[in-house]
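Enquirer: the following comprises the amino acid sequence and a computationally predicted model.
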Amino acid sequence: MEKPRSLVRIVVPVVAAALGAGVGLAFFVAALLRPPDLPVDTNPVPLAGHNLCASVAVYFRTDTEMRTAADTFHDDPKARRVFVQTKAEAFARFKDVFKDQPELLQATQPDALPASVSLLAVPGTDLDAWARELHARITNADQVQVNDLNAAAAQLKVTAPPPKCPREGEY
């Protein structure tokens, strides 16, 4: 008479195979549901026409300082997009935004506004930590500032918050 196979010898391989299939299925589903990677292009482009809602802005006294800094982001693994704005472009935008306030326009000199580099980060980047890192790294920057409209709206408890900032960091 033949001995019956041990229950353990049958159950263990079946359970292991089932777990392996389950883990494989979970990874497959996660890969399907994961948002696609966002394109990375760190070649500086003009800020005009872009509405950033989650970015880090670095401000400079001169256009030359701004351009020099903008070129350093080609190899920054946290940078996804790099936008630049000269002092003249900043003043033109200022005049457009405040066109209905002539007293403010008269009181502001064209050279008063800074040149800037605005940066969109790769997803998952802590903007506050990155801003601190940039402030330490770019010593000639006048200011490094996080611009996060979702966080600002939540902090101010505005009654009509702006639309939720998309993952891309730009409306």
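Expert: That came through fine.
Enquirer: contact partners for the residue positioned nearest the centre of the chain?
Expert: With distances taken as C-alpha atoms, centre = their mean, the chain has residue 121 as the residue nearest its mean C-alpha position (3.0 Å). Under the criterion of C-beta atoms under 8 Å, 6 or more residues apart in numbering, the contact list for residue 121 reads 54-56, 78-80, 127, 130, 169. For the C-beta atoms, the positions are set from N, CA and C on the backbone; glycine is no exception.
Enquirer: where does residue 39 land on pLDDT?
Expert: The score at residue 39 is 86. That number is its pLDDT.
Enquirer: what's the neighbour count on it?
Expert: Per other C-beta atoms under 10 Å, the neighbour tally for residue 39 reads 8.
Enquirer: now do the contacts for it.
Expert: residue 80.
Enquirer: residue 120: which element?
Expert: strand 115-121 (DSSP states H and E).
Enquirer: who's in contact with the helix or strand that that strand is followed by?
Expert: Once strand 115-121 ends, the next helix or strand along the chain (criterion: DSSP H and E) is helix 127-137. Identification of contacts with helix 127-137 by C-beta under 8 Å, 6+ apart yields 54-56, 58, 78, 119, 121, 141, 144-146, 148.
Enquirer: may I ask which of those has the most neighbours?
Expert: Of the contacts of helix 127-137, with other C-beta under 10 Å as the count, residue 119 tops at 28 neighbours.
Enquirer: okay, now the unreliable bits of the protein?
Expert: Along the chain, the parts satisfying pLDDT under 70 run over 1-8, 26-36.
Enquirer: how about the strands in this protein?
Expert: 41-46, 54-60, 79-85, 115-121, 143-148 (DSSP state E).
Enquirer: the strand holding residue 120 pairs with which strands, and in what direction?
Expert: strand 54-60 (antiparallel), strand 79-85 (antiparallel) (DSSP bridges).
Enquirer: that strand versus strand 41-46: what angle between them?
Expert: In terms of direction (axes from the mean of the first three to the mean of the last three C-alpha atoms, to 10 degrees), strand 115-121 departs from strand 41-46 by 140 degrees.
Enquirer: just the CA trace of strand 115-121, in PDB.
Expert: Output of strand 115-121 as PDB, limited to C-alpha atoms (Å, rounded to 0.1, in the frame of the first residue of the first chain):
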ATOM      1  CA  ALA A 115      15.000  88.800 -12.500                       C
ATOM      2  CA  SER A 116      14.000  85.300 -11.600                       C
ATOM      3  CA  VAL A 117      14.300  81.600 -12.300                       C
ATOM      4  CA  SER A 118      11.100  79.600 -11.500                       C
ATOM      5  CA  LEU A 119      11.400  75.900 -11.200                       C
ATOM      6  CA  LEU A 120       8.900  73.100 -11.400                       C
ATOM      7  CA  ALA A 121      10.100  70.000  -9.500                       C
END
